[in-house]
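1. Quick check, what structure comes out for this input:
(one chain, ligands or ions: 1)
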Amino acid sequence: TLTPVKDVLADDFRFGAAVDPRDLAAPTGDLLNQHFSQITAENHMKPEAIQPVEGQFNFDAADQLVEYAEAHGIEVYGHTFLWHGQTPAWWFTYPAGHPKAGEPLGSSAEDRQIMLDRLEAHIGAIAAHYGDRIQAWDVVNEVISDNATEVYRNSRWYQIFQGPEYISEAFRIAREQLDAVGATDVKLFINDYGTDNPAKRDNLYNLVSTMLANGVPVDGVGHQTHISLNTSISQIEASIDKFAALGVLQAVTELDVSIGAPAAGVEFPELESRLIQQGHYFKDLFAMLRQKDLESVTVWGLHDGRSWIRTEERPLEAPLVFTDDLQAKWAYWGIVDPSRLP
Ligand code: G3I
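-> Now for the predicted structure:
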């Protein structure tokens, strides 16, 4: 049997995977138990999953994940309280009973208060339900812009607040609601992708350092790390080093390494050589990551067949550590025993 990845990394950080309830049954559940020490809900702790209708909370799928984790000695990383994606439309409209019920919110002080009240109710319900059974949360996800001409993502949150104040408010509310149920040890993260890009990294860094200077209770930075074989590992390293100097916790939260597979129907004779190259990439990446002070490194799916990168348009994409039939890839050997790489 294969050496568990989590054992190889145990002195360095927890090894996580994004999962759904459907992954928990055998044989994927066995793969999870064998190799992973943490899970993140791929979709089922997002706003639309937990509160599809205002005031109606649904914890069924998330509970399955948390209960499974507890039964198997696995930790849980929460994803996510606030995001521009997978958030139900009601969140950005006037509530029932309001004269403008159902219409889009504007940006008045009253409208901002509606957003903050909703955020408090949402996080408060989650805090009451889970307390400290979930060790850390992405409080906000993907709030930095990809566009070099602006710092912050121009989301509905940003528009309604006419600025980034909602981010600090979200951390204050999250800390308050978790502390109120005694979950004072639960860590609060800001999570984003593209943190290896120096411009985006610096925008995130400035936000986090300003929040810290203002006493906003942010504990950690999550680097999603949706990357490819062309991504510079030294730029990932430079980003981790830069945030380390701030004294915040860090995690790699959503790792996958695309092999650059072509569109469906196009031949891909390089497939095997790319998979070998990916093994060497995982070797170099994990050699670097193991030198850093990280809480966890999470891959965004248990196996290639469950990756969001694998689509009908890209049927040969293979960004993760195990194959569709749950066999170890060169990427696995790159982490566990690089001497096995061709
Ligand atoms: O559940 C419905 C199903 O009922 C319906 O028939 C089907 C039709 O399209 O859609 C299903 O929902 C899909 C859902 O995943 C569950 O599989 C959504 O369409 C699809 O958009 C959704 O994609 C998720 C994506 O976030 C949404 O933005 C991916 O699974 C998930 O891996 C991905 O995760 C994100 C992180 O949260 C944030 N960082 C980037 C990362 C990758 O995009």
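
2. Can you report how many residues lie near Pro269?
-> One way to gauge burial is a neighbour count; for Pro269, by other Cβ atoms under 10 Å, it gives 6. In this view, the C-beta of every residue, glycine as well, is placed from N, C-alpha and C.

3. which residues touch it?
-> Contact analysis of Pro269 by Cβ atoms under 8 Å, 6 or more residues apart in numbering lists nothing.

4. how far away is Glu54 from Gly102?
-> Glu54 is 11 Å from Gly102, where distance means Cβ to Cβ, to the nearest Å.

5. which one of these two has more residues nearby?
-> When Glu54 and Gly102 are compared for neighbours, Glu54 comes out ahead with 14 against 11, by other Cβ under 10 Å.

6. Pretty sure the more buried one sits against Arg118.
-> Yes. With contacts counted by Cβ atoms under 8 Å, Glu54 reaches Arg118, the gap being 7.4 Å.

7. Please enumerate the shared neighbours of these two.
-> Trp91.

8. Excluding chain neighbours, what is closest to the residue nearest the centre of the chain?
-> Ranked by distance to the mean C-alpha position of the chain (Cα atoms, centre = their mean), the top residue is Thr253 at 4.5 Å. Counting by Cβ to Cβ, 6 or more residues apart in numbering, the nearest residue to Thr253 once its immediate chain neighbours are dropped is Gly222, at 3.9 Å.

9. Could you give the separation between the terminal residues of stretch 255-274?
-> Using Cα to Cα, to the nearest Å, the span of stretch 255-274 from its first residue to its last is 17 Å.

10. ugh, wrong one, stretch 82-98
-> Stretch 82-98 stretches 24 Å from its first residue to its last (Cα to Cα).

11. Report the buried residues of it.
-> Buried positions in stretch 82-98, judged by neighbour count with 16 or more other Cβ atoms under 10 Å: 82-84, 87-88, 90-95.

12. likewise stretch 186-201?
-> Residues of stretch 186-201 classed as buried by neighbour count (16+ other Cβ under 10 Å): 186-197, 200-201.

13. Do I have it right that the residue nearest to the centre of the chain meets Val221?
-> No. Thr253 is beyond contact range of Val221, at 9.4 Å (criterion: Cβ under 8 Å).

14. Quick check: neighbours shared by those two?
-> Overlap between the contact sets of Thr253 and Val221, as judged by Cβ under 8 Å, 6+ apart, is given by 189, 191.

15. In the chain, what residue comes closest to the ligand?
-> Among residues of the chain, the one nearest the ligand by Cβ to the nearest ligand atom turns out to be Trp308. It sits 3.8 Å away.

16. Let me see the contact set for that residue.
-> The neighbours of Trp308, taking Cβ under 8 Å, 6+ apart as the test, are 256, 300-301.

17. That one and Ala18, how far apart?
-> When distances are taken as Cβ to Cβ, Trp308 and Ala18 turn out to be 9 Å apart.

18. Quickly list what's touching both of those two.
-> In terms of Cβ under 8 Å, 6+ apart, Trp308 and Ala18 are both contacted by the residues 300-301.

19. contacts for stretch 89-100?
-> Stretch 89-100 is contacted by residues 47, 53-54, 101-105, 114-115, 118, 156, 160 when judged by Cβ under 8 Å, 6+ apart.

20. Take the residues you listed and, keeping just the buried ones, write it as a PyMOL select command.
-> Those of the contacts of stretch 89-100 that count as buried under 16+ other Cβ under 10 Å are selected in PyMOL with:
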select buried, resi 47+105+114+115+118+160
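
21. Which residue lies closest in space to Leu31, excluding its sequence neighbours?
-> The spatially closest residue to Leu31, leaving aside those adjacent along the chain, is Leu326, at 5.2 Å (Cβ to Cβ, 6+ apart).

22. How many residues are close by the one you found?
-> By the criterion of other Cβ under 10 Å, Leu326 has 15 neighbours.

23. and the longest helix along the chain, which residues are buried?
-> Under DSSP state H, the helix in the chain containing the largest number of residues is helix 109-130. Going by neighbour count (16+ other Cβ under 10 Å), the buried part of helix 109-130 is 111-112, 114-116, 118-127, 129-130.

24. ok, now stretch 42-51?
-> Buried positions in stretch 42-51, judged by neighbour count with 16+ other Cβ under 10 Å: 42, 44-51.

25. so where do the strands sit in the stretch 151-300 of the chain?
-> In the stretch 151-300 of the chain, strands defined by DSSP state E, counting those that start in this stretch lie at 187-192, 220-223, 226-228, 249-258, 296-299, listed in chain order.

26. how about the ones you listed in a markdown table, adding mean pLDDT and distance to Ile167?
-> Supplementary listing: the strands of the stretch 151-300 of the chain in a markdown table, determined by pLDDT from 0 to 100; distance: least, Cβ to Cβ, whole Å:
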| stretch | mean pLDDT | distance to Ile167 |
| --- | --- | --- |
| strand 187-192 | 99 | 8 |
| strand 220-223 | 99 | 13 |
| strand 226-228 | 98 | 21 |
| strand 249-258 | 99 | 17 |
| strand 296-299 | 99 | 22 |
